[in-house]
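In: Need the 3D shape of this:
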Amino acid sequence: MTPPIVSILVPVYNGEKYLGMLIDCLIKQTLTNFEVIFVDDQSEDNSLQIIEYQASLDTRFRVLKMPKKGGNAVKGIKYGLNYCNGKYFFYMSQDDLIEHDTLEKLVTTAELQNVDAVIPDMEWFFANSPNNRRTTLPNGLNYDSIIDGTTAFKLAMPWKIHGFYLRKTYLLREVGYDDSYLTGDECNSRKYLFFCNRITFCQTTFYYRQDNTSALTKVFRPHIIEDIYSYVHLLEFMYQNSFDREFIKKWHQHTVDLIFYYRRMAEQNSATLDDTDKKSAQNILYEARSRLLKFSRNSRLFKGYLRLLRKSKINWQ
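Out: Next up, the predicted model:
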């Protein structure tokens with residue numbers, strides 16, 4: 001049996017509303033030599049039945065079940081990556097979509113250009129909006145451009161390069177995923193680019209759904225604050241890999257600002273949180289602050305240091 005050229009990994013949790021659309025867009029792909037690996041995180045709706053039924057109809061679709069509750073997508077990605085057989089890896093959320101020829105274009109570009117990553121265009125997708133925002137080529141680049149890992153990493157920090165792109169499975173396994181916090185996948189997508197020798201772009205669209213109000217990142221809960229962990233980790237990564245100091249300073253200040261952004265978010269959402277949630281939010285914020293203060297001392301970046309020490313306590317209403 002010919003192994004698949006690309007593995008599409010889809011973490012699933014209570015996605016019955018969107019899974020039919022995702023499956024439909026995948027079975028209509030012009031490239032047919034792929035596998036889809038669904039990783040179900042103990043869904044409480046009909047998601048498991050939907051994906052198991054699809055797997056019974058088409059052997060390219062497989063279903064994995066998390067052995068214990070993961071609680072976020074990155075745990076499902078890390079678990080499912082072990083089962084991917086494709087030369088290339090492509091991640092989709094359960095509510096995302098792609099054009100009918102996206103996989104073919106991405107894989108063809110990767111093979112012809114001998115690259116480690118291929119970046120499609122991305123649309124911030126609202127189903128009933130005719131004017132969705134798009135992320136396309138960074139300034140000064142075209143679809144034939146080849147860039148190196150450091151350049152791509154720097155463009156990915158402010159999301160001028162987004163995180164939904166084709167990767168080489170073997171290299172992704174070497175880079176790995178940190179699934180100890182909510183946005184470990186966002187951290188990985190930047191680090192992976194750094195370890196690439198060659199990255200290029202492709203004129204096809206990934207539709208990143210924004211109108212799913214039940215998505216984990218759309219409702220404020222304490223774990224949302226874990227986003228700061230990702231930026232502290234990336235600061236440490238940049239420091240260890242000798243990025244220029246001005247670039248590190250810029251993202252250090254961004255991370256300081258994030259502490260106070262999430263403090264305000266917690267205060268504004270105080271009425272929706274019970275006492276346990278409030279304690280969890282404060283603990284996560286203090287831990288994030290502690291990690292950032294440690295990095296600040298080690299790297300001798302002290303702008304905002306006293307502000308972090310004095311003003312990061314959440315004032316609950």
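In: Show me where the stretch 101-250 of the chain has its strands.
Out: 117-125, 134-135, 166-168, 199-209 (DSSP state E, counting those that start in this stretch).
In: Go through these and name the closest to residue 75.
Out: The closest of the strands of the stretch 101-250 of the chain to residue 75 is strand 166-168. By CB to CB, the value is 18.5 Å. C-beta here means a position set from N, CA and C on the backbone, and glycine is covered the same way.
In: quick check: mean pLDDT across that closest one?
Out: The average pLDDT within strand 166-168 is 99.
In: can you check stretch 55-71 too?
Out: 96.
In: same check, this time on stretch 274-288
Out: 95.
In: Restricting to C-alpha, output it in CSV.
Out: Extracted C-alpha coordinates of stretch 274-288, given in CSV (Å, rounded to 0.1, in the frame of the first residue of the first chain):
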residue,chain,number,x,y,z
ASP,A,274,-16.3,31.8,40.1
ASP,A,275,-13.9,31.9,43.0
THR,A,276,-12.0,28.9,41.7
ASP,A,277,-11.6,30.5,38.3
LYS,A,278,-10.4,33.7,39.9
LYS,A,279,-7.8,31.9,41.9
SER,A,280,-6.6,30.0,38.9
ALA,A,281,-6.4,33.2,36.8
GLN,A,282,-4.3,35.0,39.4
ASN,A,283,-2.0,32.0,39.8
ILE,A,284,-1.4,31.7,36.1
LEU,A,285,-0.7,35.5,35.9
TYR,A,286,1.7,35.3,38.8
GLU,A,287,3.5,32.3,37.3
ALA,A,288,3.8,34.1,33.9
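In: Next, the buried residues of it.
Out: 277, 278, 280, 281, 282, 284, 285, 287, 288 (16 or more other CB atoms under 10 Å).
In: which one of those residues sits closest to residue 200?
Out: Nearest to residue 200 among those, with distances taken as CB to CB, is residue 288, at 35.1 Å.
In: all helices of this protein, in order?
Out: 16-27, 47-57, 73-81, 102-113, 149-156, 169-175, 184-194, 227-240, 245-268, 275-299, 305-310 (DSSP state H).
In: for the first one, which positions count as buried?
Out: Within helix 16-27, the residues that qualify as buried by neighbour count (16+ other CB under 10 Å) are 16, 18, 19, 21, 22, 23, 25, 26.
In: from these, which single one is nearest residue 237?
Out: residue 22 (32.0 Å).
In: in terms of contact, does the closest one touch residue 11 like I think?
Out: No. Using CB atoms under 8 Å, residue 22 is not in contact with residue 11; the gap is 11.8 Å.
In: so what sits against both of those two?
Out: Both residue 22 and residue 11 are in contact with residue 94, where contact means CB atoms under 8 Å, 6 or more residues apart in numbering.
In: pLDDT below threshold where in the stretch 101-250 of the chain?
Out: 212-218 (pLDDT under 70).
In: returning to that earlier point: which among the strands of the stretch 101-250 of the chain is found nearest to residue 57?
Out: The nearest among the strands of the stretch 101-250 of the chain, by CB to CB, is strand 199-209 at 23.9 Å.
In: Report the backbone C-alpha coordinates of the closest one in CSV.
Out: Coordinates of each C-alpha in strand 199-209 appear next as CSV, following Å, rounded to 0.1, in the frame of the first residue of the first chain:
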residue,chain,number,x,y,z
ILE,A,199,10.5,28.3,3.1
THR,A,200,8.2,29.5,0.3
PHE,A,201,4.6,30.6,-0.4
CYS,A,202,1.7,29.3,-2.4
GLN,A,203,-1.3,31.0,-3.9
THR,A,204,-4.1,29.0,-2.3
THR,A,205,-6.3,29.8,0.7
PHE,A,206,-6.7,28.4,4.2
TYR,A,207,-9.9,29.6,5.8
TYR,A,208,-9.4,30.2,9.5
ARG,A,209,-12.9,30.3,11.0
